[in-house]
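Novice: build me a structure from this.
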Amino acid sequence: MSGNIVVYTDGCALGNPGPGGFGAVLMYGQHRKELCEGFQLTTNNRMELLAVIRALQTIKQAGIRIDIYTDSKYVCNAITEGWLFNWKKKGWAKVKNPDLWQQLLPLYERFKPQFHWVKGHSGVPENERCDELANMGAALPKKPKDMGYEKQNTGPGLL
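Specialist: I've put the predicted structure just below:
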């Protein structure tokens, strides 16, 4: 196969925390796939991360260049600034969303995608579409629980 896979991602949480969703658009040549999912209670950062995870989980073949465009500096900088790898070395101590970072790491290691930050709501068509998809996911009437968020935020005495 030749060419590269281009991925755009976005996440949202209405209320942050609140109902949330993510959207992703994957493009390879003439092929295009859109992803959208929502959760009852979550955060924007969790949805930004989950968008990237689900997009990478959709890709079957390694060895193809993957460019990921995200409007999340949290996600982009974690890779490009090396934060993710330091968090792993430190045993995930004091890291928010360790469950999702631990899901992303092996996908990153398998595919070695290139991360690019794009300014949100700046008219980039695929980023705007991901924003629509994320909001559609957040607005779904029946959404599952984000069990990672629930686990982090409900301990003894928190409910």
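Novice: looking at this, A134 is in a helix?
Specialist: Yes. Counting by DSSP: H, G, I helix; E, B strand; the rest coil, A134 is found in a helix.
Novice: from what I see, it and C36 are in contact.
Specialist: Yes. Counting by Cβ atoms under 8 Å, A134 touches C36, with 7.4 Å between them. Glycine gets a C-beta too; all of them are placed from N, C-alpha and C.
Novice: find residues that contact each of the two.
Specialist: G21, F22, G23 (Cβ atoms under 8 Å, 6 or more residues apart in numbering).
Novice: any chance of these in TSV, plus secondary structure and pLDDT?
Specialist: Below are the shared contacts of A134 and C36 laid out as TSV (DSSP: H, G, I helix; E, B strand; the rest coil; pLDDT from 0 to 100):
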residue	secondary structure	pLDDT
G21	strand	98
F22	strand	98
G23	strand	98
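Novice: separate out the buried members of those residues.
Specialist: By neighbour count, with 16 or more other Cβ atoms under 10 Å, the shared contacts of A134 and C36 hold G21, F22, G23 as buried.
Novice: A134 and C36: who's more crowded?
Specialist: Using other Cβ atoms under 10 Å, the more surrounded residue of A134 and C36 is A134, with 27 against 20.
Novice: gap between the more buried one and A51?
Specialist: From A134 across to A51, the span is 7 Å (Cβ to Cβ, to the nearest Å).
Novice: hey, what's in contact with both of these two?
Specialist: By Cβ under 8 Å, 6+ apart, the residues touching both A134 and A51 are D10, G11, F22, G23.
Novice: and those residues as JSON lines, adding distance to A138?
Specialist: Below are the shared contacts of A134 and A51 laid out as JSON lines (distance: Cβ to Cβ, whole Å):
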{"residue": "D10", "distance to A138": "11"}
{"residue": "G11", "distance to A138": "9"}
{"residue": "F22", "distance to A138": "9"}
{"residue": "G23", "distance to A138": "10"}
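Novice: which of those lies closest to Q57?
Specialist: F22 (12.3 Å; Cβ to Cβ).
Novice: any idea which element the residue nearest to that closest one when sequence neighbours are not counted lies in?
Specialist: Sequence neighbours aside, A51 is the residue nearest to F22 in space, at 3.7 Å (criterion: Cβ to Cβ, 6 or more residues apart in numbering). Secondary structure from DSSP states H and E places A51 in helix 44-58.
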